[in-house]
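> Show me the folded form of this:
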Amino acid sequence: MRVLTCFLVIVLSLSCAEPKADNKSVVSSNPYLIGTWSGEGKFLNIDFNKEIGVIPIQMEIKDNYEISGTIGDSELVNTSIAEVGYGFEIRGELSSKIKATSKITKDHLIILLVLPEDGREKVQMSTANFHLKSNYTFDFDMRVGGVNLMKN
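I've put the predicted structure just below:
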């Protein structure tokens with residue numbers, strides 16, 4: 001039993017490790033990411049989606065490797081990008097609530113930019129997911145949504 005517990009703790013720890021994020025190396029090796037990506041997101045939880053409504057999402061990946069963006073009424077700060085198996089993971093902290101009138105206090109956003117392995121340099125749209133969380137590790141009450149991000 002003790003071995004199983006240790007094994008589970010190790011697996012859990014590894015699964016929660018943040019991907020290494022070096023904006024310069026990720027963006028310079030994937031220059032097709034540079035540009036403004038925008039769309040309107042919807043939360044998967046029906047009641048929460050009714051409360052918040054459709055939420056505008058915009059991200060700008062600049063050629064100087066800076067990443068900025070907004071989700072609803074909030075700006076993304078302390079942003080980073082990491083390459084992962086399905087595409088890219090963009091993380092940022094929120095400067096305020098995503099909707100000023102909302103009671104939700106989640107202040108971390110993860111955008112999962114899903115791109116095909118072949119022909120990425122020509123892609124102009126990503127069917128992305130986003131997670132509104134209290135932190136980057138465990139948040140059993142995170143809010144998950146989907147958005148089609150178009151590159152402008």
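> Now residue 49: closest residue in space, sequence neighbours ignored.
Leaving out its chain neighbours, the residue that sits closest to residue 49 by CB to CB, 6 or more residues apart in numbering is residue 43, at 4.3 Å. C-betas here are computed from N, CA, C, even on glycine.
> Would you mind putting the CA coordinates of the top strand by length along the chain into CSV?
Counting residues, the longest strand in the chain under DSSP state E turns out to be strand 74-84. Output of strand 74-84 as CSV, limited to C-alpha atoms (Å, rounded to 0.1, in the frame of the first residue of the first chain):
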residue,chain,number,x,y,z
SER,A,74,-9.8,41.7,-17.7
GLU,A,75,-6.3,42.1,-19.1
LEU,A,76,-3.8,39.2,-19.1
VAL,A,77,-0.6,39.9,-17.2
ASN,A,78,2.5,37.8,-16.4
THR,A,79,1.9,35.8,-19.6
SER,A,80,3.9,32.9,-20.9
ILE,A,81,3.7,30.3,-23.7
ALA,A,82,4.9,26.8,-23.8
GLU,A,83,4.9,24.2,-26.6
VAL,A,84,2.9,21.0,-25.6
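> How far off centre is the host helix or strand of residue 24?
Using DSSP states H and E, the element containing residue 24 is helix 23-29. The chain centre lies 17 Å from the centre of helix 23-29; the measure is CA atoms, centre = their mean, to the nearest Å.
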